[in-house]
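[1] Let me see the structure of the following:
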Amino acid sequence: MTVLRLGVAALVLLAAALTLVAYQLGPSIEPRQSLPDDVAELTASTWQAFERAFPSQAGCLSDVELELIDDVPGGAADYLVTEQLIRIEIPTSPRRYVESLTHELAHHLDAVCNAERTIGREFRAAQGIPSDAHWERAETWEERPMEHFAEAVVEYVTGDRYTHGDIIEVSEEGVDVVRRWGTGAA
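    From the prediction side, this is the model:
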């Protein structure tokens, strides 16, 4: 009986160790440069909140790099798909940093997990966007469905939006589509 208990205990410990290794080998956000402690903490907590919000996309979510720069052409942050790189302008406020990082992580999620293919039609409908609207192109950036998706992700993950809240209206239905997709409840 003691041998059986030891065998079971060993299996439980092995399973726990494998789970820890799998967790540590999961996707990550990798800064290209050394980050100040406060920015490193914001980055880690934002990444953790983002991962927790999208457990059903864990299989497609991949590593992403982060670079803090003085000037992002055309805005305060961007995502370079081919490099899987997020660039954010510094200095900025902590609130703006979290929102920008979450918004750009949404573009990464969209690119690597193909949000448009899986929920694009449903998301457009929830946002009142024509079903044939091109996901990535529109007359202005704020008309692009992919930007509405990124803002819905910000609302879902952080519970708040202030940077683009007056520019892009995100419906409760749109946020719900993102939430259901992220949690696997769709």
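
[2] could you pull out the helices for the chain?
    Along the chain, the stretches classed as helices by DSSP state H are 2-24, 37-53, 94-113, 115-127, 145-158, 172-183.

[3] which of those sits most buried?
    Highest mean neighbour count of the helices of the chain: helix 145-158, a mean of 25 (counted as mean count of other CB atoms under 10 Å). C-betas here are computed from N, CA, C, even on glycine.

[4] export the helices of the chain to a markdown table and tack on mean pLDDT and distance to Glu136?
    Below are those laid out as a markdown table (pLDDT from 0 to 100; distance: least, CB to CB, whole Å):
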| stretch | mean pLDDT | distance to Glu136 |
| --- | --- | --- |
| helix 2-24 | 47 | 33 |
| helix 37-53 | 97 | 21 |
| helix 94-113 | 96 | 9 |
| helix 115-127 | 97 | 8 |
| helix 145-158 | 97 | 5 |
| helix 172-183 | 98 | 17 |
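
[5] Quick one: the ones you listed as CSV, columns for distance to His134 too.
    CSV is the format used below for those (distance: least, CB to CB, whole Å):
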stretch, distance to His134
helix 2-24, 38
helix 37-53, 26
helix 94-113, 14
helix 115-127, 10
helix 145-158, 8
helix 172-183, 17
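
[6] Nearest to Leu61, out of these?
    Closest to Leu61 of these is helix 94-113 (CB to CB; 6.3 Å).

[7] report the angle between the axes of that closest one and helix 172-183?
    60 degrees (axes from the mean of the first three to the mean of the last three CA atoms, to 10 degrees).
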